[in-house]
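Engineer: Starting from these lines, generate the structure:
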Amino acid sequence: MDITVKKSEIDGEATPPPSKSYTHRAFISASLSKKSSIFNPLLSGDTLATLRACKKIGAGFIRKGNSFEFLGAEEIRGGYFNFENSGTTLRIFTALLSLCPNASTLDGDDSLRTRPNGELVSALKSLGAFAKGDEKFRAPFRIKGVIRGGEVAMRAESSQFVSALLFSLPLAKGDSKLRIISTKSRPYIDITLDVLEKSGVEIERTEESFLIPGEQEFRLKKFEIPSDFSSASYLIAAGILAGEVRILNAFDSMQGDKRIVEICREMGAEVSWNKEKGVIVAKKSELSAISFDAGDTPDLVPTVAVLCAVANGVSEIYNAEHLRIKEIDRISGICRNLRALGVEVEEKRDGLRIKGGRKEFFGTVESFGDHRMALAFSLLGLLGEVKCRNAEVVSVSYPGFFEDLRRIGARVEFA
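Structural biologist: Take a look at the predicted model:
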């Protein structure tokens, strides 16, 4: 599906979808607990892949309106798993399936098959897992257990590797010490720890390490999923570009992407956030260039890059080399789309240098099969006319995005 967004004046209210990151982790924790309820989960391509994997390992669940009732798996079962496009699901289940004595095959779509998992598999092998795959353990690969507790040091190129071990090591026999030499996207680890704490899992965190007692029991009872701040970032940007948007149910949480409010303010945008009421208001604003460290919030980079194309001056986005191992090489994808719309941009190893100041945008951009490309770059059509090819990929994280844009006044055409 191609969509075209045309010049618009917007004014309205919208509620972002629930957090994808919290939904993944809550579903998995519920599948490891005896009985639990998950309220307001995101149902999207990625989280449905997690639900299917939860069922495959032996969990049961039923949907009741806007909630799910779970009966946890008595033991983790192996088999063939297809995680579609979800890297989070692949990584966490790689570690969980290393607790199963039977071999499992882990697979995914063409995009997921490009993503490396070697560092995680190496850590699991050091704890007793057996694995077979290519040199980077890209899907499809095979793994079986059974891992035991021990000491692991990791220079994690993805925070998902850390989250995977934090889910699996509490279930292993023997205590563990996980030392993190370096990693990116630390707020996603905070989300993992938040869900694990609410599941009764004990983990002691020091400056560089996690001390994890073994043979623990997951005891999640209920969990309500907060709104997703990476999804909210697109609504905030829409308001800044073309009118006023009031974003509802935007309550505070451990999500690092809530920093979008601060970033927009640094650029000169008129954005207010009433945390008590959970309401963000973003109004049309003149923007100035920014220097943005993306180390902890990589999912905000497409949104920030779009705003930088409008902002007066030259913006720098740096410490973002981990974007090259996402669904696509996002640094390259952002550069290609900006250039397609006439924006001067320099691609760097770890980021972008964007010359902003444009007030109109006309042309065609590509999603490249990446939901964040479609979500972010379609917004520039609010200042002209932009067609985005293969925009249906937004279903991965924000299935109703274009309908929400229409409701707040955007001119959106589907083809």
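
Engineer: Stretch 367-385 - what's its average pLDDT?
Structural biologist: Stretch 367-385 comes out with an average pLDDT of 97.

Engineer: Can I get that stretch in CSV, CA atoms only?
Structural biologist: Only the C-alpha atoms of stretch 367-385 are listed here, as CSV (Å, rounded to 0.1, in the frame of the first residue of the first chain):
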residue,chain,number,x,y,z
SER,A,367,9.6,2.6,3.8
PHE,A,368,12.2,0.0,2.9
GLY,A,369,10.0,-2.4,4.8
ASP,A,370,10.7,-0.5,8.1
HIS,A,371,7.8,0.9,10.0
ARG,A,372,9.7,3.9,11.4
MET,A,373,10.6,5.1,8.0
ALA,A,374,7.0,5.2,6.9
LEU,A,375,5.8,6.7,10.2
ALA,A,376,8.4,9.5,10.2
PHE,A,377,8.7,10.5,6.6
SER,A,378,5.0,10.6,5.8
LEU,A,379,4.8,13.6,8.2
LEU,A,380,6.8,15.8,5.8
GLY,A,381,3.8,15.6,3.4
LEU,A,382,2.0,17.9,5.9
LEU,A,383,4.3,20.7,4.4
GLY,A,384,3.7,19.8,0.8
GLU,A,385,3.0,16.4,-0.8
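
Engineer: chain center to that stretch, what's the gap?
Structural biologist: Here the centre of stretch 367-385 is set off from its chain's centre by 17 Å, with Cα atoms, centre = their mean, to the nearest Å.

Engineer: Stretch 13-33 too?
Structural biologist: That offset, for stretch 13-33, works out to 11 Å (Cα atoms, centre = their mean).

Engineer: Do a quick rundown of the helices in the stretch 151-300 of the chain.
Structural biologist: In the stretch 151-300 of the chain, the segments counted as helices under DSSP state H, counting those that start in this stretch are 159-168, 186-198, 229-242, 260-266.

Engineer: can you list the residues that contact the shortest one?
Structural biologist: Judged by Cβ atoms under 8 Å, 6 or more residues apart in numbering, the contacts made with helix 260-266 from elsewhere in the structure are 229-230, 232-233, 236-237, 240, 271, 273, 280, 282, 290, 292, 297, 300, 303-304, 307. Every C-beta, even on glycine, is put in place using the N, C-alpha and C of the backbone.

Engineer: For it, buried residues please.
Structural biologist: Going by neighbour count (16 or more other Cβ atoms under 10 Å), the buried part of helix 260-266 is Ile260, Val261, Ile263, Cys264.

Engineer: among those, which two are most distant?
Structural biologist: Between any two of those, the greatest separation by Cβ to Cβ is 7.4 Å, found for Val261 and Ile263.

Engineer: thought Ser8 was touching Arg406?
Structural biologist: No. Applying Cβ atoms under 8 Å as the test, Ser8 and Arg406 come out as separate, 9.6 Å apart.

Engineer: re earlier: which of the contacts of helix 260-266 are buried?
Structural biologist: For the contacts of helix 260-266, a burial check counting by 16+ other Cβ under 10 Å picks out 229-230, 232-233, 236-237, 240, 271, 273, 280, 282, 290, 292, 297, 300, 303-304, 307.

Engineer: Count the residues that sit near Glu204.
Structural biologist: Each residue near Glu204 was counted by other Cβ atoms under 10 Å, and the total is 10.

Engineer: ok now do it, which residues does it touch?
Structural biologist: Going by Cβ under 8 Å, 6+ apart, Glu204 touches Phe210, Leu211, Ile212.

Engineer: gap between the second one and Glu204?
Structural biologist: Looking back up the chat, that one is Leu211. 4 Å (Cβ to Cβ, to the nearest Å).

Engineer: sorry, back to before: okay if I get the helices of the stretch 151-300 of the chain as a markdown table plus mean pLDDT and distance to Val393?
Structural biologist: Listed next are the helices of the stretch 151-300 of the chain as a markdown table, based on pLDDT from 0 to 100; distance: least, Cβ to Cβ, whole Å:
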| stretch | mean pLDDT | distance to Val393 |
| --- | --- | --- |
| helix 159-168 | 97 | 20 |
| helix 186-198 | 95 | 21 |
| helix 229-242 | 97 | 14 |
| helix 260-266 | 98 | 21 |
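
Engineer: for those helices, which one sits closest to Phe223?
Structural biologist: Taking the helices of the stretch 151-300 of the chain one by one with Cβ to Cβ, helix 186-198 is closest: 6.1 Å.

Engineer: Which strands or helices does the longest strand along the chain pack on?
Structural biologist: Ranked by residue count and defined by DSSP state E, the top strand of the chain is strand 176-183. Judged by 3 or more Cβ pairs under 8 Å, 6 or more residues apart in numbering; DSSP states H and E, strand 176-183 is in contact with strand 151-156, helix 159-168, strand 209-212.

Engineer: which of these sits most buried?
Structural biologist: Ranked by mean neighbour count, the helices and strands packed on strand 176-183 are led by helix 159-168 with a mean of 26 (mean count of other Cβ atoms under 10 Å).

Engineer: of the contacts of Glu204, closest to Lys326?
Structural biologist: In terms of Cβ to Cβ, no member of the contacts of Glu204 lies closer to Lys326 than Phe210, at 24.7 Å.

Engineer: shouldn't that closest one be in contact with Leu166?
Structural biologist: Yes. With contact defined as Cβ under 8 Å, Phe210 reaches Leu166; the gap is 6.6 Å.

Engineer: Now do the shared contacts for those two.
Structural biologist: Both Phe210 and Leu166 are contacted by Leu178, Ile203, under the criterion Cβ under 8 Å, 6+ apart.

Engineer: Could you find the closest non-adjacent residue to Ile92?
Structural biologist: Distances taken as Cβ to Cβ, 6 or more residues apart in numbering place Ala164 nearest to Ile92, at 4.7 Å, with adjacent residues excluded.

Engineer: Quick check: the gap between that neighbour and Ile38.
Structural biologist: For Ala164, the distance to Ile38 - Cβ to Cβ - is 20 Å.
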